[in-house]
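Novice: Just a sequence and a predicted model for now, questions to come.
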Amino acid sequence: DGGITQSPKYLFRKEGQNVTLSCEQNLNHDAMYWYRQDPGQGLRLIYYSQIVNDFQKGDIAEGYSVSREKKESFPLTVTSAQKNPTAFYLCASSILDGETQYFGPGTRLLVL
Amino acid sequence: GQQLNQSPQSMFIQEGEDVSMNCTSSSIFNTWLWYKQEPGEGPVLLIALYKAGELTSNGRLTAQFGITRKDSFLNISASIPSDVGIYFCAGQPKTSYDKVIFGPGTSLSVIP
């Protein structure tokens, strides 16, 4: 079955801690994206990658970092510099950048 | 920057009623997409529209790509409780150098 998986479903972060959210796709898509969603809000783009070993900042990249070492994987690290990390994080992919995006099930990050 | 406006922001309707919502922009888009997001899940693509004036159906859902290319409409006929969720529109700009833009969403509640 082709699709996008995100893990974990829920993640707890302590103050000052870095945490990494996983996103994997087996759709053979070149482009991948990370969005943040706050309650009652739309989607805000954090980072995106058009191709392996390349990524670009989105609208709210501060306090986050990514890597794209493999086509199928695009992990997001929420660093201690992100002062308000509690949110729902969504990963998406598309065949090419600018094409229709397909979303994973999301990871909810909570701060203890 | 480019923005999408969705209206209404939220709707409470009786089961069996028809639903209409729209998405507008000051910019022209090449493609319009409609997604549905259920609580705690990632958005799921419902309908994609690729040509101005196009009318596309997916079961009880019908969406239209506005003639001006600056708007799109989604209708749901004979609503049922499982239609509950947030409906997002997304516009893909004319060039692949521009990012996909997501609207803020319309929250739909169906009263049995």
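Specialist: Good, I have the coordinates.

Novice: Would you mind naming what in chain A lies close to chain B?
Specialist: Contact residues, chain A versus chain B (CB under 8 Å from any CB of the partner chain): A:4, A:6, A:40-43, A:45, A:48, A:58, A:88, A:90, A:92, A:96-106, A:108. Bear in mind the C-beta positions are built from the backbone N, C-alpha and C, glycine included.

Novice: Does the lowest-mean-pLDDT helix or strand in chain B reach chain A?
Specialist: Within chain B, no helix or strand scores below strand B:101-102, which has a mean of 90 by mean pLDDT, DSSP states H and E. Yes - Strand B:101-102 comes into contact with chain A (CB under 8 Å from any CB), by way of B:F102.

Novice: Which SSE is immediately downstream of that strand?
Specialist: strand B:106-111 (DSSP states H and E).

Novice: same for that next one, what does it pack against?
Specialist: strand B:10-14, strand B:19-25, strand B:85-92 (3 or more CB pairs under 8 Å, 6 or more residues apart in numbering or on different chains; DSSP states H and E).

Novice: Excluding sequence neighbours, find me the nearest residue to residue 6.
Specialist: Picked chain A for this. In space, and not counting its chain neighbours, A:Q6 is closest to A:G104: 4.0 Å by CB to CB, 6 or more residues apart in numbering or on different chains.

Novice: was after chain B, sorry
Specialist: B:G103 (4.1 Å).

Novice: What residues does residue 111 make contact with?
Specialist: No chain was given, so I picked chain A. Applying CB atoms under 8 Å, 6 or more residues apart in numbering or on different chains, we find A:V111 in contact with A:F12, A:R13, A:K14, A:E15, A:P85, A:T86.

Novice: Hmm, no, I was thinking of chain B.
Specialist: B:F12, B:I13, B:Q14, B:E15.

Novice: roughly how far is the least confident helix or strand of chain B from the heart of the chain?
Specialist: Counting by CA atoms, centre = their mean, to the nearest Å, strand B:101-102 is centred 11 Å from the centre of its parent chain.

Novice: Would you mind listing what in chain B touches chain A?
Specialist: Counting by CB under 8 Å from any CB, chain B sits next to chain A at B:31, B:33, B:35, B:40-45, B:48, B:88, B:90, B:92-93, B:95-100, B:102-105, B:107.

Novice: how does it look with 6 Å?
Specialist: B:E41, B:G42, B:P43, B:A48, B:S96, B:F102, B:P104, B:G105 (CB under 6 Å from any CB of the partner chain).

Novice: could you dump those residues to TSV with neighbour count?
Specialist: Putting the residues of chain B next to chain A into TSV (neighbours: other CB atoms under 10 Å in any protein chain shown) gives the following:
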residue	neighbour count
B:E41	15
B:G42	22
B:P43	28
B:A48	18
B:S96	14
B:F102	24
B:P104	19
B:G105	26
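
Novice: Specify the beta-bridge partners of the residue lying closest to A:T20 once chain neighbours are set aside.
Specialist: Counting by CB to CB, 6+ apart, A:T20 lies nearest to A:T77, which is 4.7 Å off, once chain neighbours are set aside. Counting by DSSP bridges, A:T77 forms beta bridges with A:T20, A:S65.

Novice: Could you measure from A:T77 over to B:L4?
Specialist: A:T77 is 29 Å from B:L4, where distance means CB to CB, to the nearest Å.

Novice: In contact with B:F12, which residues?
Specialist: B:S109 (CB atoms under 6 Å, 6 or more residues apart in numbering or on different chains).
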